[in-house]
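Trainee: need a 3D model of the sequence below.
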Amino acid sequence: MAAPLDMEPSALSLELLPTDPLLLILSFLDYRDLMSCCCLSRRLNQLSSHDPLWKRHCKKYWLISEEEKSQRNQTWKAVFISTYCDLGRYIRYYATLKKAWDDLEKYLGQRCPRMIGSLKESVREEDLDAVEAQIGCKLPDDYRCSFRIHNGQKLVVPGLMGSMALSNHYRSEDLLDIDTAAGGFQQRLGLKQCLPLTFCIHTGLSQYMALESVEGRNKYEIFYQCPDQMARNPSAIDMFITGTSYLEWFTSYVNKVVTGGYPIIRDQIFRYVHDKECVATTGDITVSVSTSFLPELSSVHPPHYFFTYRIRIEMSKDALPEKACQLDSRYWRITNAKGDVEEVQGPGVVGEFPIISPGRVYEYASCTTFSTTSGYMEGYYTFHCLYYKDKFFNVTIPRFHMVCPTFKVSTARMETNHNEYAVDEDEDSTDTDEYEDRRRVLDIPAPSGRCPRHT
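Mentor: As a prediction, the model looks like this:
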């Protein structure tokens, strides 16, 4: 007997689907939803435990490889759950930070193996809890997560967080381990509730992270301290901002290192920034420039911003031998943010008169200061040919810009009568290529002292 035409079809259920389409649907679920499916029915429980489904989550959130999984001798689901029980609170950050650490170790392992040898093993969760109890503040989860991977480094040279060298000034920043950082936790006015992240054993310089929103700082903001040298209040400390969170601060630094944005010089990371457009070629000679801001030699009050630049002069290897030449002098045109221009001429560079021949590279570092937060330099070198000594020619130095990082003024200054201060902005920029000039610029009694300028 035929069924009535108006009979309603039976309701379609997910559980009635064949296994393959159902597994495909489950593959689009996040780990939370996949775990919830285990509680809905016996069939979904069975299908949600399908190992390839958890393999994707293990690789996505924990970066666990096939080799590591085989060493654990567990299913992918068991690996995910056991890792989640240990590191679950960091699931938002772990993959990003683990990849950054892995990339950094791989890159430096080939170029600076001694630096990699200074890294410390990870800390336990209870160690981080003990530090929070010690300092009376909560640590951000991205910071805690990083230390579950590596507990900073030993206090050695070179430091993992970059170096800078100029004449008799040297800086190399170590990434502090959790106990050393806790020992340097600040409660004094001006740096209240700030935790040091880095430390330089030569200058005493540190980058700090604010653990609370006090004294004008945002919570978890990272900065270099800069004492207000014009204030009567010792708690008046300005800040050069270097990051808005630990995750952003650390991963952006690692990215610059592993992509070659920061050069490796003498087994150290130098924090010079190179603009790819800052290159000029004159004949067979190419000049390129990279720059860096030095917070330890700068101040907001009085306005004094210190920059170093590294110049590379290279002659093409295809140039004829008779193109060999020697640098005689330099000319600089220096312009600050107000448009004020200063012209400087002098013999050689940093007291030297380098000879450039086909395939040879000459590099040197020098520095300059501005009374404004930014400025730029451009100019040329004058060379004479070694084969034709009466032949002189100029080689263009490309324009390169220098900009200090974002800074914040101390709330102690803002709360004080501004009439007490007299800010002198007449001091202009200067080229300090001359060795004696450069020595005087950098020969200062303390890293935080004002850096005098030779005119």
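
Trainee: tell me which stretches of the stretch 1-150 of the chain form helices.
Mentor: Along the stretch 1-150 of the chain, the stretches classed as helices by DSSP state H, counting those that start in this stretch are 19-26, 31-37, 42-48, 51-62, 66-72, 76-87, 94-111, 113-116, 125-135, 141-147.

Trainee: low pLDDT regions in the protein?
Mentor: The model of the chain has pLDDT under 70 over residues 1-15, 415-455.

Trainee: what residue lies at the spatial centre of it?
Mentor: Among the residues of the chain, the one closest to the centroid is Y253, at 2.7 Å (Cα atoms, centre = their mean).

Trainee: which residues touch the nearest residue to that residue once chain neighbours are set aside?
Mentor: Distances taken as Cβ to Cβ, 6 or more residues apart in numbering put M161 closest to Y253, at 6.9 Å, once the chain neighbours are dropped. Every C-beta, even on glycine, is put in place using the N, C-alpha and C of the backbone. With contact set as Cβ atoms under 8 Å, 6 or more residues apart in numbering, M161 has these partners: E173, D174, L175, T198, Q207, Y253, I269.

Trainee: tell me the one of those residues nearest D20?
Mentor: Y253 (45.9 Å; Cβ to Cβ).

Trainee: after the one helix or strand that closest one maps to, heading C-terminal, what element do we hit next?
Mentor: Assigned by DSSP states H and E, Y253 belongs to helix 246-258. Next helix or strand after helix 246-258 toward the C-terminus (DSSP H and E): strand 264-265.

Trainee: which other residues reach that next one?
Mentor: Taking Cβ under 8 Å, 6+ apart as the rule, strand 264-265 contacts R111, C112, F270.

Trainee: and the nearest residue to L22 once chain neighbours are set aside, what does it touch?
Mentor: In this structure, L22 finds its nearest non-sequential neighbour in L47, 5.9 Å apart by Cβ to Cβ, 6+ apart. L47 makes contacts with T19, L22, L23, L26, C37, as judged by Cβ under 8 Å, 6+ apart.

Trainee: surely the last one meets S48?
Mentor: Yes: between C37 and S48 a contact is recorded at 4.3 Å, counting by Cβ atoms under 8 Å.

Trainee: now the common contact residues for those two.
Mentor: Joint contacts of C37 and S48 (Cβ under 8 Å, 6+ apart) are L26.

Trainee: neighbour-wise, which of those two wins?
Mentor: S48 (23 against 19; other Cβ atoms under 10 Å).

Trainee: now do the same contact list for the more buried one.
Mentor: S48 sits in contact with L26, L34, M35, C37, C38, where contact means Cβ under 8 Å, 6+ apart.

Trainee: Serialize those residues to JSON lines and add fields for distance to P398.
Mentor: Below are the contacts of S48 laid out as JSON lines (distance: Cβ to Cβ, whole Å):
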{"residue": "L26", "distance to P398": "57"}
{"residue": "L34", "distance to P398": "55"}
{"residue": "M35", "distance to P398": "57"}
{"residue": "C37", "distance to P398": "60"}
{"residue": "C38", "distance to P398": "62"}
